[in-house]
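>>> I'd like to go over a predicted model; first the sequence, then the structure.
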Amino acid sequence: MELKKILAFVFCIVLAVSAVAQEAGEGEPEEPDTYKEQYEKYQKQAKKTIEYPWFVGGAVGLAFGSETSYAEFSPIFGYRFSPLFQLGGSLTFRYRKDKRYEPDLSTTDFGASVVARFFVFDPIFLQAEVERLNWEYIGITDEGYESVEDTYTGYYAGFGFVQRASERVAMYMAFLWDFSYDENEPSPNTRPYLIRIGFGFAF
């Protein structure tokens, strides 16, 4: 149910952006380009020199409650080889504290990933990612509940879109599928699908 609500929300955003773009046009409507002409224009754009090829960004998440607390910091740094293709590296740090146990239990995750994005048609992109994570989960041992350390290699792929605030600042949202997910094995992801929202700054 949550996934359906999120997809419906994203669909509404895309429709709103399209409506604004249509209202912004002036003068007589022009004949639409054929798919071949649109593709040729896009290829010419892809060969242009990028004024700001480097980018930084990422995401920050915080949640505090009476029973659980959560914090995440995921910076990313990368290079745009062309308007179509960009490659970057990301770091991940997560901290959780659960007060429902006695004593309180906390877990920490940290790792790194390589992220590649290919823009099929601006602002839509395809994304592939490989992540190596050292993570902890709450498990049952002979002494009761305690934090258990483990490692995880995630192979993610999916699509996303970018909403640009200016030439150098943008927000992105990506919908990824974890191909390493196994519901019968411990995983840092509670579901096989992931939704990532962040920002980027070009320089």
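Sure thing, it's come through. Numbers count the residues shown, from 1 in each chain.
>>> okay, CA-based contacts and neighbour counts for the rest of this
Fine.
>>> what's the closest non-adjacent residue to F203?
Nearest-residue entry for F203: Y52, 4.6 Å, with adjacent residues in sequence omitted and distances by Cα to Cα, 6 or more residues apart in numbering.
>>> Go ahead and confirm that neighbour touches F201.
No: if you go by Cα atoms under 8 Å, Y52 and F201 don't touch, sitting 9.4 Å apart.
>>> Tell me which of these two has more neighbours.
Using other Cα atoms under 10 Å, the more surrounded residue of Y52 and F201 is F201, with 17 against 13.
>>> so when I look at the more buried one, I'm seeing a strand, right?
Yes: residue assignment for F201, taken from DSSP: H, G, I helix; E, B strand; the rest coil, places it within a strand.
>>> sorry, back to before: joint contacts of Y52 and F201?
Applying Cα atoms under 8 Å, 6 or more residues apart in numbering, one finds that Y52 and F201 are jointly contacted by R168.
>>> what ranges of the protein fall below the confidence cut-off?
Scanning the chain for pLDDT under 70 picks out 1-49.
>>> now the helices for it?
Listed in chain order, the helices of the chain (DSSP state H) span 2-24, 35-46.
>>> how about the residue nearest to F203, phi and psi?
Backbone dihedrals for Y52, given as degrees, to the nearest 10, come out at phi -120, psi 80.
>>> any idea how far Y52 is from A128?
In this view, Y52 and A128 are 23 Å apart by Cα to Cα, to the nearest Å.
>>> again, but for R94
21 Å.
>>> gap between the nearest residue in space to Y172 that is not next to it in sequence and Y101?
Counting by Cα to Cα, 6+ apart, the nearest residue to Y172 once its immediate chain neighbours are dropped is V162, at 4.4 Å. Between V162 and Y101 the computed distance is 41 Å (Cα to Cα).
>>> Which one's more surrounded, these two?
The residue with more neighbours, out of V162 and Y101 and counting by other Cα under 10 Å, is V162; that gives 19 against 12.
>>> Pretty sure the more buried one sits against I197.
No: counting by Cα under 8 Å, V162 stays clear of I197, with 10.0 Å between them.
>>> what's the overlap in contacts for those two?
Counting by Cα under 8 Å, 6+ apart, the contacts common to V162 and I197 are 171-173.
>>> Which members of the residues you listed are positioned in strands?
Secondary structure assignment (DSSP state E) places 171-173 from these within strands.
>>> got a list of what A157 touches?
126-129, 176-179 are the contacts of A157 under Cα under 8 Å, 6+ apart.
>>> Kindly apply the preceding question to G139 instead.
Shown in contact with G139 (Cα under 8 Å, 6+ apart): 145-148.
>>> Identify the bridge partners of it.
Beta bridges link G139 to E146 when assigned by DSSP bridges.
>>> Could you state which residue of this structure sits nearest its centroid?
R196 (3.2 Å; Cα atoms, centre = their mean).
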